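[1] Got a predicted structure plus its sequence, pasted below:
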There are 2 protein chains.
Amino acid sequence: MASGFEAHDHTDCIRTAMARVEKHCAEKSLRLTKSRRRVLELLLSEHKALGAYDILAQLAAEGWNAQPPVAYRALDFLVKNGFAHKLERVNAYVACINPDADHLPSFMICRDCDAVAEARSPAHARAFKAAAEAAGFEIEKTVLEAQGLCPSCQSAENETQR
Amino acid sequence: MASGFEAHDHTDCIRTAMARVEKHCAEKSLRLTKSRRRVLELLLSEHKALGAYDILAQLAAEGWNAQPPVAYRALDFLVKNGFAHKLERVNAYVACINPDADHLPSFMICRDCDAVAEARSPAHARAFKAAAEAAGFEIEKTVLEAQGLCPSCQSAENETQR
DNA sequence: TTTGATATGTTATAATATATCAATACGGAG
DNA sequence: CTCCGTATTGATATATTATAACATATCAAA
Ligand SMILES: [Zn+2]
Ligand SMILES: [Zn+2]
Ligand SMILES: [Zn+2]
Ligand SMILES: [Zn+2]
């Protein structure tokens, strides 16, 4: 139902995602420049959200002397084109798991380990959209985020309680 | 289906909400102090979200010499006790329309006039919760927000397009 | 009336995000 | 190829949102 918490071949996960983004950029003549590509790689490296300043710190560690606009511009590009999403609850950004399909993303965010899973079956998102439209509201953007404990952090909490 | 966009007796709306909060505070021995009460009144005054610094500005206009922690502490109290909600998408706060029932709130936020409606039928919220639990995720908090155009701002956009 | 807990006052600063403008790189038209 | 308009980057400054820290005040119960 979701992606991010299950065990999977993450190397392949990254490769597939990059390939889809590259293809999409080629088709739409979008320029996946050095900083945009590197920021996307950082977001893809783990199924976790990174804040803009986390990204800046990583770039700095790689010798990049990058100021805040560098991160925000790259993130704007990635978000605008659907390659990443912003998690409003935590002011952080995560790579999209389905970066060329139009969708209403929704997320589960672990408060303990910061793991993020993007839900794949957006029945609730469509239901929200339908309910809003029934109320005469024209949706342009949805924010659907759940914060709590991922499966493995629930286990960890139970361990320490003993 | 929602509250905020429809015409209604808003004076009564405010009075009812304050009464419910007062009752709840009395029952739970919560202290609805001067600043907490005034911030809640400001949030209730319109079905719009106010940022912490909007609130500080209003308090200042009333002669309050209030520093940021004053607003954030009052908002924390109101949010923690379910009298207000934070809209993560716009970093702003809105009074709850159902302030003594436990619920998973969801919102429609107009990008044009900043009107906010809290949805009353949370079928989509429950569906989200169910989907997350099916994935083994333990939800502690949900953020469900739609941003777009409220009914009256849709009309206004159509006017100007002519 | 002491006491412990909760709330407020006050100052400073952290964390997140954007405005602005100059310099550069890119990519198509000629 | 080379010129031109546009998109992107570099660099500095600043805006916006939120919290840390610690002293003081208030409350309510023992
Ligand atoms: Zn993966
Ligand atoms: Zn976790
Ligand atoms: Zn009302
Ligand atoms: Zn509106």
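    Alright, I've got the coordinates. Ligands and ions are numbered 1, 2, ... in the order given.
[2] wait, does stretch A:75-91 make contact with chain B?
    Yes: Stretch A:75-91 is in contact with chain B by C-beta under 8 Å from any C-beta of the partner chain, via A:88-89. (Each C-beta comes from the backbone N, C-alpha and C, glycine too.)
[3] what do you get for stretch A:127-140?
    Yes: Stretch A:127-140 lies within reach of chain B by C-beta under 8 Å from any C-beta, at A:127-129, A:131-132, A:134-140.
[4] Show the pLDDT at residue A:120.
    Listed pLDDT for residue A:120 reads 82.
[5] number of nearby residues for it?
    By other C-beta atoms under 10 Å in any protein chain shown, 15 other residues sit near residue A:120.
[6] quick one, phi/psi of residue A:106?
    phi -140, psi 150 (degrees, to the nearest 10).
[7] thought it was touching residue A:119?
    Yes: the criterion here is C-beta atoms under 8 Å, and residue A:106 meets it with residue A:119 at 4.6 Å.
[8] which residues do the two both contact?
    residue A:144 (C-beta atoms under 8 Å, 6 or more residues apart in numbering or on different chains).
[9] related to what we said a few turns ago, can you tell me which of the residues of stretch A:127-140 next to chain B are buried?
    Buried by 16 or more other C-beta atoms under 10 Å in any protein chain shown: A:127-129, A:131-132, A:135-139, out of the residues of stretch A:127-140 next to chain B.
[10] just checking, which of these belong to strands?
    A:138-139 (DSSP state E).
[11] Just the buried ones among the residues of stretch A:127-140 next to chain B: which are in helices?
    With DSSP state H as the criterion, helices contain A:127-129, A:131-132 from among these.
[12] of all those residues, which comes closest to residue A:50?
    residue A:128 (26.6 Å; C-beta to C-beta).
[13] low-confidence ranges in chain A?
    A:1-2, A:159-162 (pLDDT under 70).
[14] Next one: the closest residue to residue A:43 other than its chain neighbours from ligand 4, what distance?
    Distances taken as C-beta to C-beta, 6 or more residues apart in numbering or on different chains place residue A:95 nearest to residue A:43, at 4.0 Å, with adjacent residues excluded. Residue A:95 sits 33 Å away from ligand 4, going by C-beta to the ion, to the nearest Å.
[15] Isn't residue A:95 up against residue A:84?
    Yes: taking C-beta under 8 Å as the definition, residue A:95 is a contact partner of residue A:84 at 5.3 Å.
[16] residues bridging contact with those two, i.e. touching both?
    A:40, A:43, A:78.
[17] The second one: neighbour count?
    It refers to residue A:43. Neighbours of residue A:43 (other C-beta under 10 Å): 25.
[18] Tell me which residue of chain A lies closest to ligand 3.
    residue A:135 (15.3 Å; C-beta to the ion).
[19] so what's the residue nearest to residue A:73 when sequence neighbours are not counted up against?
    Excluding the flanking residues, the one nearest residue A:73 by C-beta to C-beta, 6+ apart is residue A:35, at 7.5 Å. Residue A:35 sits next to A:59, A:66, A:70, A:73-74 when contact means C-beta under 8 Å, 6+ apart.
[20] Tell me the one among these nearest to residue A:20.
    residue A:74 (17.8 Å).
[21] Helix or strand: which one has that closest one?
    Using DSSP states H and E, residue A:74 sits within helix A:68-80.
[22] Only alpha carbons, please: show that helix as CSV.
    This file holds the C-alpha atoms of helix A:68-80, laid out as CSV (Å, rounded to 0.1, in the frame of the first residue of the first chain):
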residue,chain,number,x,y,z
PRO,A,68,20.1,29.0,0.8
PRO,A,69,18.7,30.1,-2.6
VAL,A,70,20.6,27.2,-4.2
ALA,A,71,18.7,24.6,-2.2
TYR,A,72,15.4,26.4,-2.4
ARG,A,73,15.6,26.9,-6.2
ALA,A,74,16.5,23.3,-6.8
LEU,A,75,13.7,22.2,-4.5
ASP,A,76,11.2,24.5,-6.2
PHE,A,77,12.2,23.0,-9.5
LEU,A,78,11.8,19.4,-8.2
VAL,A,79,8.5,20.1,-6.5
LYS,A,80,7.0,22.1,-9.4
